[in-house]
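Novice: Give me the fold of what follows.
(2 chains)
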Amino acid sequence: MKKIGFAIIIILVFGMSGFSQNKYSFAGHLENLETLWITDFNGSWQTMNTINNRFDLKWYPNNNITAHIGMRNIFNYGQIIQTYYPVYANAMEKDFGFFDLTENIINDSSCFLYTNIDRLNFEYISGKFEVKIGRQRINWSTNLVWTPNDIFNSFSYFDFDYIEHAGCDAVKLQYYTGMTSSVQFAAKINHNDKVTIAGMYRFNKWNYDFQFLGGVMDDDIVAGCGFSGQIEGAGINGEMSYFRSKENFMDSTATFLVSIGSNYTFKNSLYIHTAFLVNTAGTTGSAGMGDFFTLNAKINAKNLTNARCSIFGEISYPITPLLKLDVSSIYNPNDKSVFLGPSLDLSLMNDLGLLFMGQLFWGDKGTEFGDYGKMFFLRLKYSF
Amino acid sequence: MKKLNYLSALFFLFSIIIGTNINAQEKLSAKEIVVKANDLVMGNSSFSKMKMTIVRPEWSRTVSMQSWSIGNDYYMIYITAPARDNGQVFMKRLVDMWNWMPSIDRMIKIPPSMMMSSWMGSDFSNNDLMKQNSIIVDYSHKIISSDSLENYDCYKIELIPLPESPVVWNKVIMWIEKNHYYQLKCEYYGNDNTLVNIEKASNVQQMGDRKIPTKLEIIPVQKKGHKTVLDIVHQEFNVKKVTKDFFSQQMMKRIRPEN
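Specialist: Below you'll find the predicted structure:
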């Protein structure tokens, strides 16, 4: 049951039901991503090539039911696979859901092919009530960089090539109390049988969206709130979460995470974006999180970074209508390490894009960004 | 966040889809004619499918969408192309705006500043045109002559900004068809009375209960080979299901494009 056969059954159900016009939608992308990783400019430069295909198939048998399957097929080869074999391959193959819907087809020291189902769910809608069961993304965040309210699915900011992000195995109930307000309850179970269960109320007041949430995330009681609105045309978002051990509630100290972000778009399309994160459990010393490959596995809403304080800035501008420059940066003021992410995004055709990107890290050994070196990416992506 | 840059162009589109079936024969003032031409989409619920193409000497890009609206205050826009943005939904309720991104299951509240930038450098400019009423309240109107435009008998109306009104144009000349009030052409003049933009409407077709121009072109006069073309593929007016309650966050997630 825990294996991919489960998914194949679902695909057969999709297949046998017979697609008719407007009863389904099919979309996805196919891309080629070249990675160059330099940890030491005088040392060896490592490369990897990734061919990545994603598709999302949605089936609408009637107005009340939607089924969704989202699948990724990823083929990697190159020196990075070889040098970090089997660490990299194993990290990629790890499925954090209750069901293991990641299948390693080839796991070799020279190449690596795996397939991952990150959406597999059924949704039933009756009036203002909705229930969604299965692998899904439950997104409770308001911020764009650090998301302490995102207690079901956290993500790494550096994972730029996976904007859809992983799903979780969960049940979600939602009731719309108004045009712009709703109550949600969700429960998920992960690969080591830990449960996250929580409720959230979201509403719009004074032209702001507000949300309040509470529940249990793995071993912690969690309570949080967030908002999203505008000041003088600028977008402003904030979210805060409070975590405290449910087993040793009295004997433990709470962890607070507070994140605030703001963005503004000028008339000439120049976009600026800043964000801050304070994590009371973070260290004021060196905030390294270990190797880059397993970063995603270490991140959750309580542990977005190891740092006490993080500062983010981003600026983007369309140099021409088809070529966009974007530079983002994260600074850890305590251990003085820095991330800089410049990118150039070129639209080649309506559905074909070329992205050149750098992820450049500076810092002393053991600091938040000190051990990652410099990465460069070239991606050709076709969307369909 | 680049996808959000659609917004300015999209919202602007609503303010320029002009046409009417009002068959008034009475003698109208210049201002009343402009109001009639402008009134068509105001206050009416509508559903439309459209395609916007940005044409440049060396390239062109197209975005396709479906939209549901009540006047200028309530919009729902579903992007159907390009593929990478397919399924994104934008909604406006009075001053609040949201973007639903189904690929990441995320509802984003959109700040006003994000509407101000253009999509892919489209020729749609915001400024006074973003404000639906501007063309009525910020100008004085005068019929300067009658003119024939592609076999349509038109009023030629001159619009001069009122003192201290917050508009960028020095002068606007409009051609409004006499019987049906199609706004068939518009010339926008900048400083020194130089012609900056020409807006042309053509291809009058029956859409729902009325005939309207279904092709709209914005041509920046000083930029050779540049234009933005809007094609209305389908439009219905006074759509029953499109009430204020239609514009909900639940509908943003549920809505699907019509065939």
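
Novice: going forward, measure contacts between C-alpha atoms and count neighbours the same way
Specialist: OK.

Novice: Flag the shaky bits of the chain, pLDDT-wise.
Specialist: If you meant another chain, say so; for now it's chain A. A:1-21 (pLDDT under 70).

Novice: nope, chain B
Specialist: Low-confidence segments of chain B (pLDDT under 70): B:1-27, B:39-43, B:116-133.

Novice: And stretch B:64-81, what's buried?
Specialist: For stretch B:64-81, burial by neighbour count (16 or more other C-alpha atoms under 10 Å in any protein chain shown) applies to B:64-72, B:74-81.

Novice: Which ones among those map onto strands?
Specialist: Using DSSP state E, the subset of the buried residues of stretch B:64-81 located in strands is B:64-70, B:74-81.

Novice: Flag every residue of the stretch 1-150 of chain A that's near chain B.
Specialist: With the criterion set to C-alpha under 8 Å from any C-alpha of the partner chain, the stretch 1-150 of chain A comes near chain B through A:22, A:27, A:128, A:137-140, A:142.

Novice: most surrounded residue in those residues?
Specialist: Counting neighbours by other C-alpha atoms under 10 Å in any protein chain shown, the top entry in these is A:T142, with 30 neighbours.

Novice: now the helices: where do they sit in the chain?
Specialist: You didn't say which chain, so I picked chain A. In chain A, the segments counted as helices under DSSP state H are A:5-16, A:79-83, A:87-93, A:295-298.

Novice: Wait, chain B was what I had in mind.
Specialist: Under DSSP H, chain B gives helices at B:6-14, B:30-39, B:127-130, B:134-137, B:249-254.

Novice: What is the distance between the fourth one and the centre of its chain?
Specialist: It stands for helix B:134-137. 15 Å (C-alpha atoms, centre = their mean, to the nearest Å).

Novice: Which positions in it come out as buried?
Specialist: For helix B:134-137, by 16+ other C-alpha under 10 Å, it's B:134-136.

Novice: And those, which is closest to A:D56?
Specialist: Set against A:D56, the nearest of those by C-alpha to C-alpha is B:S134 (43.7 Å).

Novice: How much space separates that closest one from chain A?
Specialist: From B:S134 across to chain A, the span is 19 Å (C-alpha to the nearest C-alpha, to the nearest Å).

Novice: tell me which residues in stretch A:45-56 are buried?
Specialist: Buried residues in stretch A:45-56, counted by 16+ other C-alpha under 10 Å: A:46-56.

Novice: which residues touch that stretch?
Specialist: Residues from elsewhere that reach stretch A:45-56, judged by C-alpha atoms under 8 Å, 6 or more residues apart in numbering or on different chains: A:25-39, A:68-81.

Novice: re earlier: specify which member of the ones in strands among the buried residues of stretch B:64-81 is nearest to chain A.
Specialist: B:A81 (8.7 Å; C-alpha to the nearest C-alpha).

Novice: Name the nearest residue to that closest one, sequence neighbours excluded.
Specialist: Among residues not flanking B:A81 along the chain, B:S64 sits closest, at 4.9 Å (C-alpha to C-alpha, 6 or more residues apart in numbering or on different chains).

Novice: Tabulate the CA atom coordinates of stretch A:313-324 in CSV.
Specialist: C-alpha atoms of stretch A:313-324 as CSV (Å, rounded to 0.1, in the frame of the first residue of the first chain):
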residue,chain,number,x,y,z
GLY,A,313,16.0,41.9,-0.1
GLU,A,314,15.0,41.5,-3.7
ILE,A,315,14.9,43.8,-6.7
SER,A,316,13.7,42.9,-10.2
TYR,A,317,13.4,44.8,-13.4
PRO,A,318,12.4,44.0,-17.0
ILE,A,319,15.4,45.1,-19.0
THR,A,320,13.4,44.5,-22.1
PRO,A,321,9.8,43.1,-22.1
LEU,A,322,11.3,39.7,-22.8
LEU,A,323,14.3,39.8,-20.4
LYS,A,324,13.9,40.2,-16.7
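
Novice: So is that stretch next to chain B?
Specialist: Yes: counting by C-alpha under 8 Å from any C-alpha, contacts between stretch A:313-324 and chain B involve A:320-322.

Novice: ok, of those residues, which come out buried?
Specialist: Buried members of the residues of stretch A:313-324 next to chain B, counted by 16+ other C-alpha under 10 Å: A:L322.

Novice: ok so, going back, looking at the contacts of stretch A:45-56, which are in strands?
Specialist: Using DSSP E, these in strands are A:25-38, A:68-77.

Novice: Buried ones among these?
Specialist: Among the ones in strands among the contacts of stretch A:45-56, those classed as buried by 16+ other C-alpha under 10 Å are A:27-38, A:68-77.

Novice: Could you list the alpha-carbon positions for stretch A:273-286 in PDB?
Specialist: Extracted in PDB, the C-alpha atoms of stretch A:273-286 (Å, rounded to 0.1, in the frame of the first residue of the first chain):
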ATOM      1  CA  HIS A 273      10.800  43.300  -1.900                       C
ATOM      2  CA  THR A 274      12.100  43.000   1.600                       C
ATOM      3  CA  ALA A 275      11.500  40.500   4.400                       C
ATOM      4  CA  PHE A 276      12.700  39.800   7.900                       C
ATOM      5  CA  LEU A 277      12.600  36.800  10.000                       C
ATOM      6  CA  VAL A 278      13.200  36.500  13.800                       C
ATOM      7  CA  ASN A 279      13.400  33.000  15.300                       C
ATOM      8  CA  THR A 280      13.800  33.000  19.100                       C
ATOM      9  CA  ALA A 281      15.200  29.400  18.900                       C
ATOM     10  CA  GLY A 282      17.800  30.500  16.300                       C
ATOM     11  CA  THR A 283      21.400  30.900  17.200                       C
ATOM     12  CA  THR A 284      23.400  34.200  17.300                       C
ATOM     13  CA  GLY A 285      26.400  32.100  16.500                       C
ATOM     14  CA  SER A 286      27.200  30.200  13.300                       C
END
